[in-house]
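Q: Next comes the sequence, and after it the predicted model I'd like to discuss.
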Amino acid sequence: MSNEQPKIPQATAKRLPLYYRFLKNLHASGKQRVSSAELSEAVKVDPATIRRDFSYFGALGKKGYGYNVNYLLSFFRRTLEEDEVTEVALFGVGNLGTAFLNYNFSKNNNTKIVMAFDVDERKVGTTVGGVPVYHLDELEERLHENIPVAILTVPAAAAQALTDRLVAQGIKGILNFTPARLNVPNHIRVHHIDLAIELQSLVYFLKNYPSPS
Ligand SMILES: NC(=O)c1ccc[n+]([C@@H]2O[C@H](COP(=O)([O-])OP(=O)(O)OC[C@H]3O[C@@H](n4cnc5c(N)ncnc54)[C@H](O)[C@@H]3O)[C@@H](O)[C@H]2O)c1
């Protein structure tokens, strides 16, 4: 995809996400155009640098008009590959898993849960939030290399054995909502979200570091 794009200097490329975020906000507020002076004020980059940066994108601002916000946004989206969706599999369609399936991540994100697994026969074969639920026995058959991420919302006791199977299947990242600490090879990334610990830590900070006002 990036083959068709002009080569952008690294310093310019680093500023892209900054411009992009600001332009998304502008677009959301209904603005159609923006001047380099306005952009400069918002992202704290001088207008000359902005004009040079934007000339790499083929966006030549018109005097007295500025830049077309839609044009810039579509350029940034292509360049930052935001259109590319990462597919995710979810394991454990219980209280938490069901909530995640019903919450459509893809609305404001570039990830999408495309399949779910459970061991409960009452759940297997159903569709939750538009996502099909398969039996865990079908993991090796269904999970393919285009699904690099797994969300674990199974009971803690089932988490490690499941993780071993996911690793054998070539998973790259795991978002772990169970309290179990997972053992994985170094090349696999695990993000652990422990709501009980987060809540405890919030309460601790409220008690020990009350706000100054
Ligand atoms: N519910 C919460 O608010 C909450 C909050 C924080 C963390 N957690 C953690 O998230 C996990 C899920 O919690 P929950 O409340 O949704 O539990 P739950 O009991 O409602 O759901 C667990 C689901 O996993 C399925 N399951 C069991 N073994 C499995 C396996 N090997 N493979 C696939 N599916 C399997 C069960 O059939 C069930 O549908 C737990 O580890 C829990 O500690 C839950």
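A: Perfect, thanks for sending it. Here the structure is a predicted model, which means the values were calculated and not measured.

Q: And the contacts of the helix or strand that contains Leu175?
A: Element membership of Leu175 [criterion: DSSP states H and E] is strand 173-176. With CB atoms under 8 Å, 6 or more residues apart in numbering as the test, strand 173-176 has contacts from 148-152, 159, 163, 166, 182, 184, 188-193. Just so you know, the C-beta spots here come from the backbone N, C-alpha and C atoms, and that holds for glycine as well.

Q: so what's Ala159 up against?
A: Contacts of Ala159 (CB under 8 Å, 6+ apart): Leu152, Asn176, Thr178, Ala180, Leu182.

Q: swap that for Val133, please
A: Val93, Met115, Ala116, Phe117, Asp118, Lys123, Val124, Gly125, Thr126, Thr127 are the contacts of Val133 under CB under 8 Å, 6+ apart.

Q: picking up where we left off before, pairing partners for the helix or strand just after the strand holding Leu175, with directions?
A: With elements assigned by DSSP H and E, the helix or strand that comes after strand 173-176 is strand 189-192. Paired neighbours of strand 189-192 in the sheet (DSSP bridges): strand 173-176 (parallel).

Q: Please identify the buried residues of the one helix or strand Glu38 maps to?
A: Per DSSP H and E, Glu38 falls inside helix 36-43. For helix 36-43, a neighbour-count test (16 or more other CB atoms under 10 Å) marks Ser36, Glu38, Leu39, Ser40, Ala42 as buried.

Q: ditto for stretch 52-72
A: For stretch 52-72, using 16+ other CB under 10 Å, the buried residues are Asp53, Phe54, Phe57, Gly61, Gly66, Tyr67, Val69, Leu72.

Q: With adjacent residues omitted, what lies nearest to the fifth one?
A: In this case it means Gly66. Nearest non-adjacent residue to Gly66, counting by CB to CB, 6 or more residues apart in numbering: Ser35, 3.8 Å away.

Q: rewinding a little: does the ligand sit close to the strand holding Leu175?
A: No. Using CB under 6 Å from any ligand atom, we find that strand 173-176 stays clear of the ligand, coming within 8.8 Å at best.

Q: from the buried residues of stretch 52-72, which has minimum pLDDT?
A: Least confident of the buried residues of stretch 52-72 in the model: Gly61, at 65.

Q: now Ser29: how far from Thr79?
A: Look at Ser29 and Thr79: by CB to CB, to the nearest Å, they are 23 Å apart.

Q: who's more crowded, those two?
A: Looking at Ser29 and Thr79 with other CB atoms under 10 Å, you find the greater number of neighbours at Thr79, namely 17 against 8.

Q: Would you check that the more buried one makes contact with Arg15?
A: No. Look at Thr79 against Arg15 with CB atoms under 8 Å: they stay out of range, at 11.8 Å.

Q: Tell me if the helix or strand where Phe205 lies is near the ligand.
A: Element membership for Phe205 (DSSP H and E) is helix 195-208. Yes. For helix 195-208, a contact with the ligand is found by CB under 6 Å from any ligand atom, at Leu195.

Q: buried residues in the helix or strand harbouring Ile113?
A: If you go by DSSP H and E, Ile113 is part of strand 111-118. For strand 111-118, burial by neighbour count (16+ other CB under 10 Å) applies to Ile113, Val114, Met115, Ala116, Phe117, Asp118.

Q: Distance check, the second one against Thr86.
A: Val114 sits at a distance of 10 Å from Thr86 (criterion: CB to CB).
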